[in-house]
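Novice: starting from these lines, generate the structure:
(chains A, B and C)
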Amino acid sequence: MAAAARFPKSVRLRRRAEFLKLQEGKQSVQVSAACLLALALPNGRETARLGLTVSSKVGNAVTRNRIRRHLREWFRTHIEELPKGHDVVIIARSSAAAASGEELGSAFARAASLLKKKVGA
RNA sequence: GGAGCAGCCUGGAUGCACGCCGGCCAUUGCAGGACGGGGUGGCGGGAGGAAAGUCCGGGCUCCACAGGGCAAGGUGCUGGCUAACGGCCAGUCGCAGCGAUGCGCAGGAAAGUGCCACAGAAAACAGACCGCCUCCCGGGCAACCGGGCGGUAAGGGUGAAACGGUGCGGUAAGAGCGCACCGCGCACGGCGUGAGUCGGGCGGCACGGCAAACCCCACCUGGAGCAAGAGCCAAUAGGGGAGCAUGACUGGCCCGGUCGCUCCCGGGUAGCUCGCUGGAGCCUGCAGGCAACUGCAGGCCUAGAUGAAUGUGCGUCGCCCGCCGCAAGGCGGGGACAGGACCCGGCUUACAGGGCUGCUCCGGUU
RNA sequence: GGUCCCGUAGCUCAGCUGGAUAGAGUACUGGCCUCCGAAGCCAGGGGUCGCGCGUUCGAAUCGCGCCGGGAUCG
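Specialist: From the prediction side, this is the model:
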């Protein structure tokens, strides 16, 4: 199971066009959980891919990095809870600045289960 | 011991597991082979004193190689340091403080223009409202009153500021009218590279303030920015329509220079690589200098990402706080400001806690 | 990386250039009007002029340094 807990570049969104496809595409599934906003869209691959959006309105660079790293850590350890073969974009709201690492993880978990339900249904 | 001033340093340490970024080596396999990309393994590397704000200065790159004039902007006591600076060091002067020290856009107001509300007679070539005084005329016994020609600016009151201040002499009353001291100005001499300072002398006072008002003087500045710019890259097109050519571009304008230009349709502007980290570099020693800093010698290599890495979890030790305990100790909690994006030199701002050095004042003891 | 703007009463703004009264609308309070309310009329309260330092006799205004908010270009 070591391979499942890794986070190489192949499971990340790395192009602006890929983000825009989810944010502006009408086919993407949208879900809200606590301080997070989640978007999902089938990507034609076997695994899920993650993209994170934490704008400068959330906080300074240290705060944004902390949020990004916690969300990435949860994705790395819980990738099987996400819908397979989908690109997932997580957008942090400004309230995420006050959330702890555990709160961010549980928010991500709720968003993931909601997404799975919506996509599977 | 207390109060304070200045400068500097530090910004937790360490173990295990799972990860991330890039480097080197090995291996696998796509491939005819190499290069290159992918997978796997090993080795060692991976945020700051401010990385921040973007307030200045430079390197570097490109532009029509930056030439002249005007304009615009900046700097502004002196000397030095520096690649350069609005920075730093050492001094001068002024202000604050008992002091150590701190702060200061600190040139020019007899080049010109402008402004100085209210109050006050008058606010900047001076003049005279209430006053003071000699003389003359009139009245009155007189004290004095009224008027006039003059002389004054001491006193009054206003103001932030009233054309040197205080004292003595002097005078009809007064006045730098004269003298002493202080202030101011001028030239001279000593010291200093200089800003200045010290000294004695002379002048009788002229020159109100504001230049963080316009301005004058001296000095400085070409523009844009690594999304600069270059390569893979060969074409950088070519076509149709309309308009202007007294046109357009080059940093604002002119000279100078360059070219046809602009708009619409259509097409394209994707991606990767380089730039990209070895540099005004860091450490140590010696030498010069009050210092900033510089020179020489030796040693060292210390992030290079690009939807953007340096993380998460569990421990141990150390620091701080609270509670329990006589104590050893136990339990719980806390650990700031903040994250590279081409690179340096400064400035400014934020910051839990800890440490070092020098100095000042006050008190006590010997 | 570059450039620009704003901050004044609870809210929206003027005053700043060219220095000397801090004002307007709205909201709030009280009164008048009305049977009551709205509208209208009258009166009143409410201001560290974002912060600090400076220049000046005097600073919302001028200078410098910050803080906060926003816009824009590539």
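Novice: and A:Ala111, how many residues sit next to it?
Specialist: A:Ala111 has 22 neighbouring residues, counting by other CB atoms under 10 Å. From N, CA and C alone the C-beta is placed, and that goes for glycine too.
Novice: how far off centre is whichever helix in chain A runs longest?
Specialist: Longest helix in chain A, counting residues (DSSP state H): helix A:101-120. With CA atoms, centre = their mean, to the nearest Å as the basis, helix A:101-120 stands 9 Å off its chain's centre.
Novice: how about stretch A:30-45?
Specialist: Worked out by CA atoms, centre = their mean, stretch A:30-45 lies 7 Å from the chain centre.
Novice: and for stretch A:19-28?
Specialist: Offset of stretch A:19-28 from its chain centre (CA atoms, centre = their mean): 14 Å.
Novice: how about it: buried residues?
Specialist: Neighbour-count burial for stretch A:19-28 flags A:Phe19, A:Lys21, A:Leu22, A:Ser28 (criterion: 16 or more other CB atoms under 10 Å).
Novice: what's the lowest-pLDDT member of those residues?
Specialist: For those, the weakest pLDDT value sits at A:Lys21, with 76.
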